[in-house]
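Asks: this is a predicted model, with the sequence first.
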Amino acid sequence: MAFDRLEAMRAFCRIVEVGSFTRAAEALNVAKTTISGQIQGLESLLGVKLLHRTTRRVTPTTDGAAYYERARAVLDDLDELEASVAQSRSVARGRVRVEMPSAVATCLVIPSLPEFTEQHPQIQLDIGCSERVVDLVQEGIDCAFRGGLVADQDLVCRPVGLMRFCLCASPVYLMNAARILKPDDLLHQRYLGFTFPGSGKQMIPILRRGDDSFRIEQMPAMQFNSGGAYIAAGLAGLGIVSVPRAEASPHFQSETLVEVLPDWEMDGMPISLVYPPTRHLSARVRAFAEWGAALMANDPLWTTKR
């Protein structure tokens, strides 16, 4: 009974945090009917109604809000106790939901995942790849790699790397375009823009060489909000793109892309590891976070070291 009660407490806390039975069930990897039964049993045990249910959202009652604060503290203490007992990383087990930009996933994390799964065979990963900024609490995400400045002060933010960018275009495009010898020459080229999904802000690349700098602020010939579609447009010869160097490097080697103005350096984007504020990270989340941070720190295309 004690174990069932703890599972019901965990389900209740997740529902309060995400505001939905469905999203809570997805985050906990259980059926929605299971969670509904756990909440009914918990309300019956306590003799009070814990949740208000509407068609749009689930919110705690006054009793539910008070119970949540105490239950969250109990679960945090339990996670901390379990982690302190688990001295070896090999004991880390369970599901970890992570989010990251597509370039981080395809160029860094996924190629190295066999190493992680060998080290932690009892950890199951749910990996989301996109350029959008997810709400970690609402969507039940354990941790995320996030690019740019992290504005949400409610998140724990750990700087771990740098996404380096470069200008490039296909050989076919460059063959038919005017020569590009200096940044001003870009004004007479087809520049393709990238818009961050969610915020709708356009990426404004800044080129630097010594004390000189140049902002690419011209009207793009086309706009994209998907990293995969953006580099595909460059490969198709539609114009000049500014993409992560890690993503462009294989295409430089295969000569399907050519770097433009290679003697100028483009400002990079800081990458941080973020997670919801709790007094303690579970062993499984910590295992992935430490592995991911070390992976980025030791890769020359992602490290903050020069």
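Replies: Great, that's in hand. Numbers count the residues shown, from 1 in each chain.
Asks: switch to C-alpha atoms for all contacts and neighbour counts from now on
Replies: OK.
Asks: nearest residue to residue 272 in space, please, no chain neighbours.
Replies: Once flanking residues are discounted, residue 272 sits nearest to residue 159: 4.1 Å by CA to CA, 6 or more residues apart in numbering.
Asks: neighbours around the one you found, how many?
Replies: 17 (other CA atoms under 10 Å).
Asks: now the protein, which segments are flagged as low pLDDT?
Replies: 1-3, 80, 82-91, 198, 278-280 (pLDDT under 70).
Asks: state the distance from the nearest residue to residue 206 once chain neighbours are set aside to residue 149.
Replies: Closest residue in space to residue 206, ignoring its immediate chain neighbours: residue 215 at 4.5 Å, by CA to CA, 6+ apart. Using CA to CA, to the nearest Å, residue 215 is found at 19 Å from residue 149.
Asks: what do you get for residue 45?
Replies: Relative to residue 149, and taking CA to CA, residue 45 is found at 45 Å.
Asks: how far away is the residue lying farthest from the centre of the chain from residue 41?
Replies: The centre of the chain is farthest from one residue, residue 47, which by CA atoms, centre = their mean lies 40.5 Å away. When distance is defined by CA to CA, residue 47 is 10 Å away from residue 41.
Asks: cool, and residue 29?
Replies: 19 Å.
Asks: who has more neighbours, these two?
Replies: Taking neighbours as other CA under 10 Å, residue 29 and residue 41 compare with residue 41 leading, 15 against 10.
Asks: SS state for that one?
Replies: helix (DSSP: H, G, I helix; E, B strand; the rest coil).
Asks: contacting residues for it?
Replies: residue 8 (CA atoms under 8 Å, 6 or more residues apart in numbering).
Asks: before we move on, the earlier item: mind checking the SS state of the residue nearest to residue 272?
Replies: strand.
Asks: about what we covered before: count the neighbours of the residue nearest to residue 206 for me.
Replies: 13.
Asks: ditto for residue 106
Replies: So residue 106, with other CA under 10 Å, has 15 neighbours.
Asks: if I look at it, how far off is residue 262?
Replies: From residue 106 to residue 262 the distance is 24 Å (CA to CA).
Asks: doesn't residue 182 make contact with residue 260?
Replies: No. Here residue 260 does not reach residue 182: they are 9.6 Å apart, not a contact under CA atoms under 8 Å.
Asks: done for today, thanks.
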